[in-house]
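Chemist: quick one, what's the 3D model for this:
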Amino acid sequence: MRKRTKARECALKVLYQIEMTKDDYTESLARFWDREPEADGTVKEFTGALVKGINENSSEIDSTISKYTTNWNINRMAVVDRNILRMATYEILFVDDIPPKVSINEAIDIAKKYGDTDSGKFVNGILDKISKMKGL
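Modeler: Numbering: from 1, shown residues only. Purely as a prediction, here's the structure:
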């Protein structure tokens with residue numbers, strides 16, 4: 001598995017943990033790495049950047065997602081889908097060195113792995129609209 005793919009999966013797990021425990025993201029990251037000591041520095045660095053960036057830009061990220069989810073309230077989405085959308089939306093809006101198509105494809109793959117049967121399609125539809133909004 002590629003390092004950024006692994007980091008995205010780790011970030012999803014940390015984001016899920018944050019939602020369940022309501023702990024600060026730094027505490028959640030530290031606790032996660034205590035259970036995943038074999039992760040290398042590159043994975044830890046990218047995971048931390050994702051979690052921190054999503055945390056610091058959560059209002060704009062959630063607002064953007066809500067704008068493109070017809071008949072869906074972000075708080076009623078499955079936790080896994082919501083956090084995959086947050087992660088990819090963060091990358092699309094704030095990370096210039098990752099092409100949006102890469103972020104979308106990674107999000108779809110993670111949704112298929114961790115979400116339910118229709119998660120990949122759901123995530124794809126929303127992220128496609130977001131990337132078009134950005135003119136990408």
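Chemist: identify each buried residue in stretch 60-72, please.
Modeler: Counting neighbours by 16 or more other CB atoms under 10 Å, one finds that the buried residues in stretch 60-72 are Ile61, Asp62, Thr64, Ile65, Tyr68, Thr69. Quick note: C-beta positions are derived from backbone N, CA and C, even for glycine.
Chemist: with stretch 98-116 instead?
Modeler: For stretch 98-116, by 16+ other CB under 10 Å, it's Pro100, Ser103, Ile104, Glu106, Ala107, Ile108, Asp109, Ile110, Ala111, Lys112, Tyr114, Gly115.
Chemist: list the contacts of the last one.
Modeler: Which is Gly115. Counting by CB atoms under 8 Å, 6 or more residues apart in numbering, Gly115 touches Ala78, Val80, Asp81, Ile84, Phe122, Val123.
Chemist: same check, this time on the fifth one
Modeler: Applying CB under 8 Å, 6+ apart, we find Ala107 in contact with Arg8, Ile84, Leu85, Met87, Ala88, Val123, Asn124, Leu127.
Chemist: picking that back up, of the buried residues of stretch 98-116, which belong to helices?
Modeler: Using DSSP state H to define helices, the subset of those located there is Pro100, Ser103, Ile104, Glu106, Ala107, Ile108, Asp109, Ile110, Ala111, Lys112, Tyr114.
Chemist: in the chain, which residue is closest to the centre?
Modeler: Met87 (2.1 Å; CA atoms, centre = their mean).
Chemist: quick one: it from Lys67, how far?
Modeler: Taking CB to CB, to the nearest Å as the measure, Met87 and Lys67 are separated by 17 Å.
Chemist: ditto for Met77
Modeler: Remark: distance between Met77 and Lys67 (CB to CB) = 14 Å.
Chemist: same check on Thr42?
Modeler: Distance from Thr42 to Lys67, counting by CB to CB: 33 Å.
Chemist: where does this protein dip in pLDDT?
Modeler: Residue ranges of the chain with pLDDT under 70: 134-136.
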